[in-house]
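Asks: sharing a model that was predicted from the sequence below.
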Amino acid sequence: AQRVTQPEKLLSVFKGAPVELKCNYSYSGSPELFWYVQYSRQRLQLLLRHISRESIKGFTADLNKGETSFHLKKPFAQEEDSAMYYCALNDSNDYKLSFGAGTTVTVRA
Amino acid sequence: KAGVTQTPRYLIKTRGQQVTLSCSPISGHRSVSWYQQTPGQGLQFLFEYFSETQRNKGNFPGRFSGRQFSNSRSEMNVSTLELGDSALYLCASSYGGGRETQYFGPGTRLLVL
């Protein structure tokens, strides 16, 4: 069974400070990992996925298969980054996303 | 392209009633998935449909069911509603499912009294 763990429920940082959201997974195969974000009163939307290796809104995430982690990082947090962030894993044969519990990020001025 | 749409956006029902929620995927998308979002349990997978066939089902009781039509639109039904069914129900679509990015709708917020 696959499992996604986001150990931090809440994360508060100052504007301009680095932010890192942790995500660990357990999966026996080769996972497809995503970060989704939900801004206040908006729908859940894709932030980035590991296979594309893109940097979106200054965020990056590196898949570390040895540590089974997919941490999300941004060097300089902005107030508009305040949102709920979900790490998700997609099994190639399962046709479903398994989500972590989510981390609420608050960026203070 | 228009995004995923869900109707209705809000619903209030009483225990024992049944409810049907609707989802229209992005044009060209043939895979539709449903998720339940609650503060306590987070986002949980309900089921996934592709070309009118259910390919996977989450760990929910049989009161939760769904279907997909030939135009890829999908409905989910919850019968004999319980208080614990109060949640935000999200629909997501993708071209073929699997490892593809899923695009989410705004959700239907269901309150069971």
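Replies: Ah, there it is.
Asks: CA only for contacts and neighbour counts going forward, please
Replies: OK.
Asks: so where is chain B shaky, pLDDT-wise?
Replies: Scanning chain B for pLDDT under 70 picks out no residues.
Asks: check contacts around the spatially most central residue of it.
Replies: Geometric centre of chain B, nearest residue: residue B:34, 3.3 Å, by CA atoms, centre = their mean. Contact analysis of residue B:34 by CA atoms under 8 Å, 6 or more residues apart in numbering or on different chains lists B:45-48, B:89-92.
Asks: tell me the one among those nearest to residue A:60.
Replies: Nearest to residue A:60 among these is residue B:92, at 23.8 Å by CA to CA.
Asks: which residue is the nearest non-sequential neighbour of the closest one?
Replies: Closest residue to residue B:92 apart from its sequence neighbours, by CA to CA, 6 or more residues apart in numbering or on different chains: residue B:104 at 4.1 Å.
Asks: that neighbour: how many residues sit nearby?
Replies: 25 (other CA atoms under 10 Å in any protein chain shown).
Asks: who in chain B is up against chain A?
Replies: B:33, B:41-45, B:47-48, B:55-56, B:97-99, B:101-107 (CA under 8 Å from any CA of the partner chain).
Asks: picking up where we left off before, could I get the contacts of residue B:34 as CSV with secondary structure and neighbour count?
Replies: Listed next are the contacts of residue B:34 as CSV, based on DSSP: H, G, I helix; E, B strand; the rest coil; neighbours: other CA atoms under 10 Å in any protein chain shown:
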residue, secondary structure, neighbour count
B:45, strand, 21
B:46, strand, 23
B:47, strand, 24
B:48, strand, 29
B:89, strand, 24
B:90, strand, 27
B:91, strand, 31
B:92, strand, 28
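Asks: now the residue nearest to the centre of chain B: closest residue in space, sequence neighbours ignored.
Replies: Closest residue to residue B:34 apart from its sequence neighbours, by CA to CA, 6+ apart: residue B:91 at 4.6 Å.
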